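# coordinates only, no sequence provided:
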């Protein structure tokens, strides 16, 4: 899936390389985002979230970690979701300059189901679900970066300030 964003490639890359921003443009099908480490930017940054696949689904948790960050053109995230995290995922964002201050964003999403029942569930609608939701995510990403509207909630780390210089006072 591709979409064109009317922002410089470096700006789009910086936004996507921060995992805390992903909940803003993916909140139409994900919720309950939690960072997996304090630093949310760059290689190794990750998040855990719940996917709204179907109402009442008990196995809707997923996670992703940025495994490769190649400024300003490519970001690769590896993850797992589903029952016991059996389904492995690979998401790749590729950024190409489309003109002056315009970027073509291409996202690919691949899954590797763990067992036969996971493969059957994916064949019966899982692939179409992800394709539709990621296509909408790209449109929302463009709207957020171009018009600064349509933002969802940005993910933060639980518990507030962590570093001494971040407003916590030792007394």
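Yep, that arrived. In this text, all values refer to a predicted model and were calculated from it rather than measured experimentally.
# any idea which helix or strand comes after the strand of greatest length in the chain?
Ordering each strand of the chain by length in residues (DSSP state E) puts strand 87-99 first. Sequence order places strand 102-112 as the next helix or strand after strand 87-99, per DSSP states H and E.
# tell me where this protein has strands.
Here the chain has its strands, by DSSP E, at 2-5, 30-35, 46-51, 61-70, 74-81, 87-99, 102-112.
# look up how far residue 154 lies from residue 19.
10 Å (C-beta to C-beta, to the nearest Å). For the C-beta atoms, the positions are set from N, CA and C on the backbone; glycine is no exception.
# more neighbours, those two?
Taking other C-beta atoms under 10 Å, residue 19 and residue 154 do not tie; residue 19 has more neighbours (26 against 14).
# wait, doesn't the more buried one sit right on residue 45?
Yes - with contacts counted by C-beta atoms under 8 Å, residue 19 reaches residue 45, the gap being 4.5 Å.
# common neighbours of those two, please.
Residues touching both residue 19 and residue 45 by C-beta atoms under 8 Å, 6 or more residues apart in numbering: 35, 66.
# ok, residue 1 - contacts?
Shown in contact with residue 1 (C-beta under 8 Å, 6+ apart): 106, 107, 108, 131, 134, 135, 138.
# burial count for the closest residue to the last one other than its chain neighbours?
Put plainly, it is residue 138. With C-beta to C-beta, 6 or more residues apart in numbering as the criterion, residue 138 has its nearest non-adjacent residue at 3.9 Å, and that residue is residue 3. Residue 3 has 16 neighbouring residues, counting by other C-beta under 10 Å.
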